[in-house]
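**Student:** Return a 3D structure for these sequence lines:
(one chain, ligands or ions: 1)
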Amino acid sequence: MPFFDPTIKPSDVTPQAVFENRRDLIKAAAAGTFGLALAPWFSRQAIAAVPEKLIATLNSAYTPKEEVTPYKYVTSYNNFYEFGTDKADPIAYAQSLQTRPWAISIEGLVKKPITLDIDALLKIAPMEERIYRMRCVEGWSMVIPWDGYSLSKLISKVEPLGSAKFVEFISLADRKQMPGLKSNIIDWPYREGLRMDEAMNPLTLLTFGLYGEVLPKQNGAPVRIVVPWKYGFKSAKSLVKIRFTEEMPKTSWTQFDAREYGFYSNVNPQVDHPRWSQASERRIGDSKGVFAPKIKTQMFNGYGDQVASMYAGMDLKKFY
Ligand code: MTE
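**Tutor:** Numbers count the residues shown, from 1 in each chain. Sure thing, here's the model as predicted:
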């Protein structure tokens, strides 16, 4: 049996109760009701019933004590402009995206450039589940259980040269499969970038799944980046290329409007976007509903302990 069959939806093979039970367990994990010890057991139980599940071990270092955003919101309120600019477009139009076969090339200033098939990429390092806070520059946020491994594990395999200072991430741009490419709102393909130390930071996750299942197409299948201390647009989806460069790469949103979107894009409540305040955020799918009060946005989205030292001495109002 293949590792997962993209033609079978989890709902085709999984009784709803198994789904709901799994989400309750993840919520319990996030609330600290049980710890790391139970997580592998829980993963193994679920894989028996759901072949396309990813075996991932919950990493208890990344389980914020916050309500996890329900699966239905994580997978239906999306930004993926290749499929349209409305939040409901990706779930409606991404389902025909062919995520197999899928190759990703890792190139540029490295000793060992390589093109990897998605199956080979999946096996580079053990899969972890990490529950990350994610904040969009538009002023909303979610708490999402992602499945993947630190990008640094892949980077060390290709041995970057000393001259490599940045990493560029390039998404698929295929007019035949992606109706959103008809619009030139973005200079396709979608591109993002990180400084080398940011890419090597253990928090930066090469991501293959969410909620213990392979990534839904609208969330960037079959592989994407997740950078939890930066605004959501830094987390490029459906990657086909990772390139190491000496110069700072041009990113899609900086090209769109450099005044609105800087290269760093760290979550920073003190630097407002010209159109949206960044001081607070609305949690999507909060159980308190539309009456839930807005949450104060934290510097680096609450990940300062792990990332602030990378920006010591930098004026973060200038390098936004
Ligand atoms: N990646 C690509 N290729 N195309 C996009 O339009 N949107 C970005 C980012 N990655 C985007 C992308 C933005 S603006 C956000 S907020 C996040 O994806 C949303 O990820 P999610 O839909 O999984 O929450």
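**Student:** what separates Gly180 from the ligand, distance-wise?
**Tutor:** Separation of Gly180 from the ligand (C-beta to the nearest ligand atom, to the nearest Å): 8 Å. From N, CA and C alone the C-beta is placed, and that goes for glycine too.
**Student:** Make sure Ser309 is indeed in a helix.
**Tutor:** Yes - counting by DSSP: H, G, I helix; E, B strand; the rest coil, one finds Ser309 located in a helix.
**Student:** how much space between it and Gly193?
**Tutor:** Separation of Ser309 from Gly193 (C-beta to C-beta, to the nearest Å) stands at 20 Å.
**Student:** The two: which is more packed in?
**Tutor:** Set side by side, Ser309 and Gly193 show more neighbours around Gly193, with 23 against 10, by other C-beta atoms under 10 Å.
**Student:** check contacts around the more buried one.
**Tutor:** Residues counted as contacts of Gly193 (C-beta atoms under 8 Å, 6 or more residues apart in numbering) are 166-169, 245, 248-249, 251, 263.
**Student:** ditto for Leu206
**Tutor:** Shown in contact with Leu206 (C-beta under 8 Å, 6+ apart): 121, 148-151, 153-154, 223, 225.
**Student:** Among the residues you listed, name the buried ones.
**Tutor:** Among those, those buried by neighbour count (16 or more other C-beta atoms under 10 Å) are 121, 148-151, 154, 223, 225.
**Student:** For Gly84, give me its contacts.
**Tutor:** Residues touching Gly84, when contacts are defined by C-beta under 8 Å, 6+ apart, comprise 90, 92-93, 179-180.
**Student:** Now render these as TSV, adding secondary structure, pLDDT and distance to Tyr73.
**Tutor:** Converted to TSV, these look like this (DSSP: H, G, I helix; E, B strand; the rest coil; pLDDT from 0 to 100; distance: C-beta to C-beta, whole Å):
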residue	secondary structure	pLDDT	distance to Tyr73
Pro90	helix	97	13
Ala92	helix	96	16
Tyr93	helix	96	18
Pro179	helix	97	23
Gly180	helix	97	21
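**Student:** number of nearby residues for Asp272?
**Tutor:** Using other C-beta under 10 Å, Asp272 has 12 neighbouring residues.
**Student:** Give me the distance between it and the ligand.
**Tutor:** With C-beta to the nearest ligand atom as the criterion, Asp272 and the ligand are 17 Å apart.
**Student:** pLDDT score for that residue?
**Tutor:** Reported pLDDT at Asp272 in the predicted model: 90.
**Student:** wait, doesn't it sit right on Ala279?
**Tutor:** Yes - judged on C-beta atoms under 8 Å, Asp272 makes contact with Ala279 at a distance of 7.4 Å.
**Student:** From the contacts of Gly193, keep the buried residues only.
**Tutor:** Members of the contacts of Gly193 classed as buried by 16+ other C-beta under 10 Å are 166-169, 245, 249, 251, 263.
**Student:** Redo those residues as TSV? Include secondary structure and pLDDT.
**Tutor:** Listed next are those as TSV, based on DSSP: H, G, I helix; E, B strand; the rest coil; pLDDT from 0 to 100:
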residue	secondary structure	pLDDT
Phe166	strand	98
Val167	strand	98
Glu168	strand	98
Phe169	strand	98
Thr245	strand	98
Pro249	coil	97
Thr251	coil	96
Phe263	coil	96
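**Student:** From the residues you listed, pick the one nearest the ligand.
**Tutor:** Closest approach to the ligand among the buried ones among the contacts of Gly193 (C-beta to the nearest ligand atom): Phe169, at 8.7 Å.
**Student:** Leaving out the residues flanking it, which one is nearest to that closest one?
**Tutor:** Using C-beta to C-beta, 6 or more residues apart in numbering and skipping the chain neighbours, the partner closest in space to Phe169 is Ala236 (4.3 Å).
**Student:** How many residues are close by the one you found?
**Tutor:** The number of residues packed near Ala236 is 25, by other C-beta under 10 Å.
**Student:** Going by proximity to the ligand, name the top residue of this structure.
**Tutor:** For the chain, C-beta to the nearest ligand atom, closest residue to the ligand: Gly232, 2.6 Å.
**Student:** wait, that residue sits on Met134?
**Tutor:** Yes - counting by C-beta under 8 Å, Met134 is a contact partner of Gly232 at 5.8 Å.
**Student:** what sits in contact with each of the two?
**Tutor:** Common neighbours of Gly232 and Met134, counting by C-beta under 8 Å, 6+ apart, are absent.
**Student:** and Pro113, how far is that from Pro293?
**Tutor:** Applying C-beta to C-beta, the value for Pro113 to Pro293 is 50 Å.
**Student:** Please say which of these two ends up with more neighbours.
**Tutor:** Per other C-beta under 10 Å, whichever of Pro113 and Pro293 has more neighbours is Pro113, with 14 against 10.
**Student:** Now do the same for the more buried one: its pLDDT.
**Tutor:** For Pro113, the model assigns a pLDDT of 98.
**Student:** How about the contacts made by it?
**Tutor:** Contacts for Pro113 (C-beta under 8 Å, 6+ apart) come out as 105-107, 158.
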